[in-house]
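K.L.:
got a sequence here, can you model it:
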Amino acid sequence: MDNVKVYIEQNKDRFLSELFDLLRIPSISAQSSHKGDMQTCAEWLAAALVKSGADRAEVMPTEGNPVVYAEKIVDPKARTVLVYGHYDVMPVDPLDEWRTDPFEPVVADGRIWGRGADDDKGQLYMHAKAFEAMCATDSLPCNVKFMLEGEEEIGSASLYKFCADNKQLLEADIILVSDTSMISFDTPSITCGLRGITYMQVEVTGPDKDLHSGLYGGAVANPANVLTQLVASLVDENGHVTIDGFYDDVRVLTDSERTELNKAPFSLDEYKRAVDVRDVAGEAGYTTIERTGIRPSLDVNGIWGGYIDEGTKTIIPSKASAKISMRLVPDQDFNKIAELFEKHFRKIAPRSVRVDVKFLHGGAPYVSPTDMPAYKAAEHAVEQTFGRKPLPFYSGGSIPIISGFEKILGIKSILLGFGLSQDAIHSPNESYGLDQFYRGIETLPLFYKYFAEM
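P.N.:
Numbers count the residues shown, from 1 in each chain. I've put the predicted structure just below:
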């Protein structure tokens, strides 16, 4: 491992320069105008993995964006690690809130600024460079496979079939993922649980065209008014989701489990300052840590309708729409929640409007056991580089495909992420600390070392 550390130190500037080239590719999966960029990014990564030491790397087509597959087999009898990551990034809107060009990365204040700096290109590329360091120093103790997709930010729809069609190719002992965060740099953690997700879109339609709000106001239902009323009713004054049956399958933690969960270092004042709010909100009777880790939630992700340009236009809009996501916990089923949502939304809609409800995507919650060898290997690796034992941590986020891996491939995942709350993923001015990037590259070879020994 000493040789690995020396190699990383000697090549750290090149690693950063290469990451910048990757970040410059605007691989936004949600926007069809970037379809070509998805292919370009996949090809760039395949070439980079070959240069890093892979025996083979290829861009494999799917029904959607391509998957980058690469491998290096050091010994058929050795353990195999399958590295998962995603090269697609979120849209950059609102663009006017960015302080720098989102696709022209810069380093300032010890941080890399740009879309994908953390989620997930920065974290993904740590694996490529840790892999390179082990190959270059002849210290790779495990077989390594890479599976890098381009649809995580839109639900990984094509990856489920890809996994089902390529089970033999993807055989491994563990899936290693860096697409999560730590509690803090001073309090390292390993994510042992993810919330699931159900994502819906609703449309409320009133008249067959926009109407004059003076001639028809007060006589014809306004879809925007109705939509906001319906959406507001989905969560009550106690932060409780009002959909019938929503909580039926929620796994309730015992008092002792909740006590252990709340032992994680947490400052409510710092939390509020970090997101610039005067107070927190959520389900009554639960702490902020519990609300984001072990309890489900419902949020409007976007809402639109009517006239929003400069000046005035006095209309009753014909339609109004919203995107709504629900974060789920064990043992909630995302398909069942989608059905409950649609039934509830149609039930509460007044006769004066028509509603259309669509299920966009979903994924199951995931739990990573803390007693399996791969978790212990990750724990030892983090403890060695950070100087203290990492805490198990339940994340409020979702990576829907992780539970899919377990179901389709029969392989557990280790969520060894190095993100921090200040990285602003999915937001303007996303960033990733240089120390996070380099510490991640230093930690990952240790995971391989300890995993091979167990």
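K.L.:
got the domain ranges for this structure?
P.N.:
2-194+365-453, 196-250+296-363 (automatic domain parsing).
K.L.:
relative to residue 267, which of those is closest?
P.N.:
Smallest distance to residue 267 across the domains of the chain (C-beta to C-beta): 9.9 Å, for domain 2-194+365-453. For every residue, glycine as well, the C-beta is placed using N, CA and C.
K.L.:
one step back: tell me the most buried of the domains of the chain?
P.N.:
Of all these, domain 2-194+365-453 has the most neighbours on average by mean count of other C-beta atoms under 10 Å, namely a mean of 20.
K.L.:
span of that one from start to end?
P.N.:
Terminal residues of domain 2-194+365-453 lie 17 Å apart, using C-alpha to C-alpha, to the nearest Å.
K.L.:
what is the rounded mean pLDDT of it?
P.N.:
Averaging pLDDT along domain 2-194+365-453 yields 97.
K.L.:
what would the domains of the chain look like in TSV with distance to residue 286?
P.N.:
Converted to TSV, the domains of the chain look like this (distance: least, C-beta to C-beta, whole Å):
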stretch	distance to residue 286
domain 2-194+365-453	12
domain 196-250+296-363	8
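K.L.:
pLDDT weak spots in the stretch 251-400 of the chain?
P.N.:
Counting by pLDDT under 70, the stretch 251-400 of the chain contains no low-confidence residues.
K.L.:
which stretches of the stretch 201-350 of the chain form helices?
P.N.:
213-216, 223-232, 255-261, 268-275, 288-293, 334-348 (DSSP state H, counting those that start in this stretch).
K.L.:
need the distance between the two termini of stretch 271-281.
P.N.:
12 Å.
K.L.:
again, but for stretch 385-402
P.N.:
This stretch, stretch 385-402, spans 26 Å end to end (C-alpha to C-alpha).
K.L.:
what about residue 125, is that helix, strand or coil?
P.N.:
Secondary structure state of residue 125, per DSSP: H, G, I helix; E, B strand; the rest coil, is helix.
K.L.:
now it: closest residue in space, sequence neighbours ignored.
P.N.:
Spatial nearest neighbour of residue 125, excluding adjacent residues (C-beta to C-beta, 6 or more residues apart in numbering): residue 19 at 5.0 Å.
K.L.:
for that neighbour, what are its contacts?
P.N.:
Residues in contact with residue 19 (C-beta atoms under 8 Å, 6 or more residues apart in numbering) are 105, 112, 121-122, 125, 437.
K.L.:
distance between the one helix or strand it maps to and the chain's centre?
P.N.:
Following DSSP states H and E, one finds residue 19 within helix 2-23. Between the centre of helix 2-23 and the centre of its chain there are 25 Å (C-alpha atoms, centre = their mean, to the nearest Å).
K.L.:
ok, stretch 213-224 next?
P.N.:
Here stretch 213-224 is found 41 Å from its chain centre; the criterion is C-alpha atoms, centre = their mean.
K.L.:
end to end on it, go ahead and measure it.
P.N.:
Taking C-alpha to C-alpha, stretch 213-224 runs 12 Å from one end to the other.
K.L.:
next one: stretch 362-371
P.N.:
28 Å.
K.L.:
next: stretch 348-368.
P.N.:
With C-alpha to C-alpha, one end of stretch 348-368 sits 38 Å from the other.
K.L.:
can you add distance to residue 204 and give the helices of the stretch 201-350 of the chain back as a markdown table?
P.N.:
Converted to a markdown table, those look like this (distance: least, C-beta to C-beta, whole Å):
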| stretch | distance to residue 204 |
| --- | --- |
| helix 213-216 | 16 |
| helix 223-232 | 4 |
| helix 255-261 | 39 |
| helix 268-275 | 30 |
| helix 288-293 | 29 |
| helix 334-348 | 10 |
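K.L.:
go through those and name the closest to residue 174.
P.N.:
Evaluated over those, closeness to residue 174 peaks at helix 288-293, with 23.1 Å, by C-beta to C-beta.
K.L.:
C-alpha coordinates for stretch 113-126, CSV please?
P.N.:
Taking Å, rounded to 0.1, in the frame of the first residue of the first chain, the C-alpha atoms of stretch 113-126 are listed here in CSV:
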residue,chain,number,x,y,z
TRP,A,113,-16.8,23.4,-8.9
GLY,A,114,-19.0,22.0,-11.7
ARG,A,115,-21.9,19.8,-12.5
GLY,A,116,-21.1,16.2,-11.7
ALA,A,117,-18.1,17.1,-9.5
ASP,A,118,-19.5,14.9,-6.7
ASP,A,119,-22.6,13.2,-8.2
ASP,A,120,-21.3,11.0,-9.6
LYS,A,121,-18.3,11.7,-11.9
GLY,A,122,-15.9,12.8,-9.2
GLN,A,123,-16.7,9.8,-7.0
LEU,A,124,-16.8,7.4,-10.0
TYR,A,125,-13.4,8.6,-11.2
MET,A,126,-11.9,8.0,-7.8
